[in-house]
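S.K.: model the structure of this input:
(2 chains)
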Amino acid sequence: MSSPAGKSNPLSQPQAESEVQLDTPWRVVVLNDPVNLMSYVVLVFMKVFGFAEAKARKHMLEVHEQGRSVLWSGTRETGEAYVFTLQQWHLTAILEPDEAH
Amino acid sequence: MKRIEVRLSLPVVAPLLDVIKGLVDDLKSAPAAPVSPPDADDDFSSEWTRDLVAAQSSDVQMLLSLFGTEFFTEGVVYFDQSNAEAIARSCSAVRLRVRERYLKGLSDESLEAGEVNLAALDEGVRKAFTCYLFLATIQELIVQHLEESIIGS
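M.R.: Residues are numbered from 1 along each chain as shown, chains lettered A, B, ... in the order given. The predicted structure follows:
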């Protein structure tokens, strides 16, 4: 849907796109590595995300068996903070756009 | 405050410290795990990596501080809420670097399963692999006994 004001003002459209990009949800993904212990990864998920042990273990197994697990989805700024913390714990973590939204 | 005391065999563990000390300079200059700053901006990426390396370096110093005079006289190290987090993290950092530096010839599968024929390894790799296992044991002890201290801190 477009508005008449958008058509008459060339600056409106980029601004709208920028807002959409900022509002797009992002997700924190942890990738598998052959070094970190399963028990350690569970502990890190419990510590960083406040997960109960069963949920942390489910995500750890997903990482181990499928190579990746989506741990969290939300704003980019918070996602960056989570990725930084996970990397401080030496897990391979990335931030990517949540394409489901 | 919960505290665990671990008695170690000096003749076994002391040589492993050489492996850790040999990696310290490297761990002070680059992250142990792959790092992907979520922003392509150079300044942002540099600051991101610098902060990670600073934290990693501080954790590794905490690990080394375990092996001071008391360890060399009594063979004992202690873990509690004040050092558990940093040491658990530093065990990962050193293990990742040991893997990259010395254990490239071993498959992921054999490392994950711990199924490695020690007798077939040359002395340097055997020592590095023993250090890799030793740090896993330390980390496992911390997770097992101090999990609540870490999560609650």
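
S.K.: where exactly do the strands run in the chain?
M.R.: All of this refers to chain A. A:26-31, A:68-74, A:92-97 (DSSP state E).

S.K.: actually chain B
M.R.: Going by DSSP E, chain B shows strands at B:3-7, B:76-80.

S.K.: residues in chain A within reach of chain B, list them.
M.R.: A:33-37, A:39-40, A:43, A:46-47, A:76, A:79-80, A:83-84, A:87-92, A:94-95 (C-beta under 8 Å from any C-beta of the partner chain). Where you see a C-beta, it was placed from the backbone N, CA and C, and this is true even at glycine.

S.K.: go with 7 Å
M.R.: A:34-37, A:39-40, A:43, A:46-47, A:80, A:83-84, A:87-92, A:94-95 (C-beta under 7 Å from any C-beta of the partner chain).

S.K.: quick one: which of those residues sit in helices?
M.R.: Among those, the ones falling in helices (DSSP state H) are A:39, A:40, A:43, A:46, A:47, A:80, A:83, A:84, A:87, A:88.

S.K.: list the contacts for residue B:46?
M.R.: Residues in contact with residue B:46 (C-beta atoms under 7 Å, 6 or more residues apart in numbering or on different chains): none are found.

S.K.: distance of it from chain A?
M.R.: According to C-beta to the nearest C-beta, to the nearest Å, residue B:46 and chain A sit 14 Å apart.

S.K.: now the longest helix seen in chain B: buried residues?
M.R.: Identified as the longest helix of chain B according to DSSP H is helix B:123-152. For helix B:123-152, burial by neighbour count (16 or more other C-beta atoms under 10 Å in any protein chain shown) applies to B:125, B:127-136, B:138-139, B:141-143, B:145-147, B:149-151.

S.K.: got TSV for the strands of chain B, with mean neighbour count too?
M.R.: Output for these, formatted as TSV (neighbours: other C-beta atoms under 10 Å in any protein chain shown):
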stretch	mean neighbour count
strand B:3-7	13
strand B:76-80	16
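
S.K.: and of these, who's closest to residue B:70?
M.R.: Across these, the minimum distance to residue B:70, taken as C-beta to C-beta, is reached by strand B:76-80, at 6.2 Å.

S.K.: relative to strand B:3-7, how tilted is that closest one?
M.R.: 160 degrees (axes from the mean of the first three to the mean of the last three C-alpha atoms, to 10 degrees).

S.K.: partners of strand B:76-80 in the sheet?
M.R.: Paired neighbours of strand B:76-80 in the sheet (DSSP bridges): strand B:3-7 (antiparallel).

S.K.: need the residue closest to the centroid of chain B.
M.R.: residue B:91 (2.1 Å; C-alpha atoms, centre = their mean).

S.K.: my guess is that residue meets residue B:135, correct?
M.R.: Yes. Between residue B:91 and residue B:135 there is a contact at 4.3 Å, judged by C-beta atoms under 7 Å.

S.K.: those helices in chain B, which residues are they?
M.R.: Under DSSP H, chain B gives helices at B:10-27, B:42-65, B:69-74, B:84-102, B:108-113, B:123-152.

S.K.: any chance of those helices in JSON lines with mean pLDDT as columns?
M.R.: As requested, these are exported to JSON lines (pLDDT from 0 to 100):
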{"stretch": "helix B:10-27", "mean pLDDT": "96"}
{"stretch": "helix B:42-65", "mean pLDDT": "96"}
{"stretch": "helix B:69-74", "mean pLDDT": "94"}
{"stretch": "helix B:84-102", "mean pLDDT": "97"}
{"stretch": "helix B:108-113", "mean pLDDT": "85"}
{"stretch": "helix B:123-152", "mean pLDDT": "95"}
